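Colleague: predicted model and sequence follow; I will ask about them next.
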Amino acid sequence: MKPRRLIAAMAILWLSAWTPAAIAATSGAPLYGAWGFDTSGMDRSVRPGDDFFTYANGAWAKDTAIPADRSGYGVDYVLADTAEKNVRGILESDPQSDLKSDPSGVAGPPGADAVKIHAAFVAFMGEERIEALGAAPIAADLADIRRAADRADLAYQALGSLARLYQVQGDAPGQYKAFSRLNAMQPSDRKIANNFAYYAALTDLGSQTKVGKIAEDNFTEEPDNAVYRSTFAFVLVWKGQAARALKLMEPLAGEWKKSPAVAFAYGAALAAVGRKPEAKEVFDSLSPRELSPPETEWIRRALR
């Protein structure tokens with residue numbers, strides 16, 4: 001037998017060992033032997049030099065029936081069926097509570113992946129609830145669009161709706177893009193400017209000089225606004241001015257337990273100056289429900 005044919009035959013031998021039962025057992029101990037290899041699929045009555053395929057797979061091919069709804073069967077089908085079954089199990093399992101009537105009523109560990117996956121699946125498949133709600137979930141967005149006086153106003157309202165959608169999705173780069181355009185349209189709107197500066201720093205996008213000036217102007221105009229102060233401090237951390245950021249946050253050092261915005265900026269400043277144990281204590285006060293995936297990832301990197 002040529003070496004190349006021998007390698008191909010050995011690959012077939014390995015694949016044939018993965019019966020449905022063997023694959024189902026991969027989450028625990030192997031079903032067959034120490035390595036999960038099904039030697040019962042071999043036909044040892046055949047000499048390997050005469051017909052290696054039958055030697056390696058003869059018993060498996062003889063005993064494995066092709067399902068009635070298929071024209072063929074093999075390891076690819078087994079793997080696909082097992083993966084589909086596992087995915088369905090994840091989607092349909094209810095890790096915390098019965099969400100059939102209200103997918104927003106999930107309880108338990110905030111931000112748990114199983115909770116999020118199940119809630120998303122139930123929300124998507126809950127046809128009765130979707131029909132009952134109708135357009136109510138987007139009524140505010142539709143009202144804003146209807147109030148638009150002209151095309152520019154329509155674009156402004158649409159961008160606002162898009163920013164809210166990105167917020168729900170946890171899409172920080174999308175929010176940066178939306179607030180960047182909104183800021184260009186309404187540069188005097190401090191709330192928009194604040195969001196633009198925050199998401200620029202969070203995503204490391206945009207000009208640090210431009211964003212820094214916007215955040216500083218906001219703070220200068222309203223120095224008693226804790227959110228504007230916090231955003232300016234976070235932008236300073238982004239710009240590599242951690243000491244200045246921490247000094248800026250010192251007047252609010254006792255407020256971080258009351259405000260997620262203050263806690264995030266104060267924790268960021270502490271971490272940036274190397275006071276990571278203190279930063280972790282501050283960050284730990286934030287519920288996972290209050291953090292988007294990009295914010296969670298930013299904290300993880302800051303505490304490394």
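Modeller: Thanks, I have it.
Colleague: can you count the residues close to F264?
Modeller: 26 (other CB atoms under 10 Å). For every residue, glycine as well, the C-beta is placed using N, CA and C.
Colleague: gap between it and R275?
Modeller: From F264 across to R275, the span is 15 Å (CB to CB, to the nearest Å).
Colleague: got it, and R147?
Modeller: 48 Å.
Colleague: what is the subsequent helix or strand relative to the strand or helix carrying K213?
Modeller: Remark: K213 resides in helix 208-221, with elements defined by DSSP states H and E. On the C-terminal side of helix 208-221, the closest following helix or strand by DSSP H and E is helix 226-238.
Colleague: how about that following helix: buried residues?
Modeller: For helix 226-238, a neighbour-count test (16 or more other CB atoms under 10 Å) marks 226-238 as buried.
Colleague: now stretch 40-48
Modeller: Quick answer for stretch 40-48 (16+ other CB under 10 Å): G41, M42, D43, V46, P48.
Colleague: make a markdown table out of the residues you listed and add pLDDT and secondary structure.
Modeller: Shown next, in a markdown table, are the buried residues of stretch 40-48 (pLDDT from 0 to 100; DSSP: H, G, I helix; E, B strand; the rest coil):
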| residue | pLDDT | secondary structure |
| --- | --- | --- |
| G41 | 86 | helix |
| M42 | 91 | coil |
| D43 | 94 | coil |
| V46 | 95 | coil |
| P48 | 94 | coil |
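Colleague: of R147 and R275, who's got more company?
Modeller: R275 (16 against 10).
Colleague: roughly how far does the more buried one sit from Y266?
Modeller: In terms of CB to CB, R275 sits 11 Å off from Y266.
Colleague: all helices for the stretch 101-250 of the chain, in order.
Modeller: Taking DSSP state H, counting those that start in this stretch as the test, the helices found in the stretch 101-250 of the chain are 113-125, 127-133, 139-146, 151-169, 172-185, 190-203, 208-221, 226-238, 242-249.
Colleague: mind putting those helices in TSV, distance to K257 included?
Modeller: What follows is these, written out as TSV (distance: least, CB to CB, whole Å):
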stretch	distance to K257
helix 113-125	25
helix 127-133	36
helix 139-146	31
helix 151-169	24
helix 172-185	25
helix 190-203	20
helix 208-221	22
helix 226-238	13
helix 242-249	14
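Colleague: deepest in the core, which of the ones you listed is it.
Modeller: Among the helices of the stretch 101-250 of the chain, helix 226-238 has the highest mean neighbour count (mean count of other CB atoms under 10 Å), at a mean of 25.
Colleague: so which elements touch that one?
Modeller: Counting contacts by 3 or more CB pairs under 8 Å, 6 or more residues apart in numbering; DSSP states H and E, helix 226-238 is packed against helix 190-203, helix 208-221, helix 242-249, helix 260-272.
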